[in-house]
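Student: Okay, here's the prediction I keep looking at, along with the sequence it came from:
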Amino acid sequence: MPKSPSNVVTPAPAASVVLLRDTDAGPEILYLHRNPDLRFMGGYWVFPGGRVDPADFDLGAKIGGRLDPDEAAHQIAVVRETLEETGLVIGLNGEINADKARAARKYLEQTGELEPVLEHFGWELDLAQLVPFARWYPKNERIPRVFDTRFYLADIGTGAVEIEADLSENTHLFWTTAQGALDSAERGDIKVIFPTRRNLERLALFENFAAAKAQAEAIPVKTITPFIGEMDGKSWLHIGEDLGYPVTGEPLNTVARG
């Protein structure tokens, strides 16, 4: 039986969410600055999210409904990670206010799982609030840690919301438009990896959350696996066409991969 190549890394399931709020300048997005001391992605700006935990899969298998358990687990992870990393409550229904959100975040820190939080506060999952946006799986890249990451959109509306970094993995949170983040990255003020840059370019197309949601729902989510190709005598990192992205590659020597 042929052996798997030694450089193949088993991917970890992960989920991330683009939190948007509509403003006069267009939709703003919430970004997290990862602690520079972290070995993985230290110092980079990212969207909220993280690994899908076993408890997320357990809860996804229990809830039933329109989603298959695997997809439900990824969306549950987004709900959990957002509360943990930012203090925001998304994807839930019930009596929710700023005080309860703060208390729920502390309770989640103690339990490490979302289901006890739901039971304690009498909340219910409302995963219809999340819009599938993309899936990135760089399985052909020779990198030490690989994530198969599903991205979602969520609407925070137009009002002010309370956010606070967890001060462990993340040291700072801020809102800006997708174009604002791209401009900051171009100046070298912030660092973003290849998938984040491509997602920002796509998000910069939209004038509000409704437009982003409409495009996301119109384009089926396909797994994006970047690949290396030649262009004008240089090596480029590409993604496929017809995925909703206005920019589908960049020179390999400029790519940031964390």
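Tutor: Looks like it arrived, so ask away.

Student: For the residue sitting nearest the centre point of the chain, list the residues it contacts.
Tutor: Nearest to the geometric centre of the chain sits residue 16, at 2.1 Å (Cα atoms, centre = their mean). Residues in contact with residue 16 (Cβ atoms under 8 Å, 6 or more residues apart in numbering) are 46-50, 78, 81, 149-152. For the C-beta atoms, the positions are set from N, CA and C on the backbone; glycine is no exception.

Student: Neighbouring strands - and their directions - for the lowest-mean-pLDDT helix or strand in the chain?
Tutor: When each helix and strand of the chain is scored by mean pLDDT, DSSP states H and E, strand 170-177 comes last, with a mean of 81. Strand pairing for strand 170-177, determined by DSSP bridges: strand 28-34 (antiparallel).

Student: what helices or strands is the very next helix or strand once past the partner strand leaning on?
Tutor: Next in sequence after strand 28-34, counting helices and strands by DSSP states H and E, comes strand 45-46. The helices and strands touching strand 45-46, judged by 3 or more Cβ pairs under 8 Å, 6 or more residues apart in numbering; DSSP states H and E, are strand 28-34.

Student: can you give me the mean pLDDT across the strand it packs on?
Tutor: Mean pLDDT, strand 28-34: 89.

Student: quick revisit: kindly export the least confident helix or strand of the chain (C-alpha atoms) in PDB.
Tutor: Once non-C-alpha atoms are left out, strand 170-177 reads as follows in PDB (Å, rounded to 0.1, in the frame of the first residue of the first chain):
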ATOM      1  CA  ASN A 170      -5.600  38.500  21.300                       C
ATOM      2  CA  THR A 171      -4.300  41.900  22.500                       C
ATOM      3  CA  HIS A 172      -6.500  44.400  20.700                       C
ATOM      4  CA  LEU A 173      -9.800  44.600  18.800                       C
ATOM      5  CA  PHE A 174     -10.800  47.200  16.200                       C
ATOM      6  CA  TRP A 175     -13.400  48.100  13.600                       C
ATOM      7  CA  THR A 176     -12.600  49.300  10.100                       C
ATOM      8  CA  THR A 177     -13.900  48.700   6.600                       C
END
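
Student: starting at the chain centroid, how far to that strand?
Tutor: Centroid separation for strand 170-177 versus its chain: 14 Å, with Cα atoms, centre = their mean, to the nearest Å.

Student: Tell me the buried residues in whatever helix or strand comes next after that strand?
Tutor: Where DSSP H and E defines the elements, the next helix or strand beyond strand 170-177 is helix 178-187. By 16 or more other Cβ atoms under 10 Å, the buried positions in helix 178-187 come out as 178, 180-182, 184-185.

Student: export the residues you listed to JSON lines and tack on distance to residue 25 and pLDDT?
Tutor: Shown next, in JSON lines, are the buried residues of helix 178-187 (distance: Cβ to Cβ, whole Å; pLDDT from 0 to 100):
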{"residue": "178", "distance to residue 25": "11", "pLDDT": "96"}
{"residue": "180", "distance to residue 25": "8", "pLDDT": "95"}
{"residue": "181", "distance to residue 25": "13", "pLDDT": "95"}
{"residue": "182", "distance to residue 25": "14", "pLDDT": "95"}
{"residue": "184", "distance to residue 25": "15", "pLDDT": "93"}
{"residue": "185", "distance to residue 25": "18", "pLDDT": "91"}
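
Student: Nearest to residue 211 among the residues you listed?
Tutor: Of all the buried residues of helix 178-187, residue 178 has the smallest distance to residue 211: 12.1 Å, by Cβ to Cβ.

Student: correct me, but that closest one touches residue 200?
Tutor: Yes: shown here, residue 178 and residue 200 form a contact pair, counting by Cβ atoms under 8 Å, at 4.6 Å.
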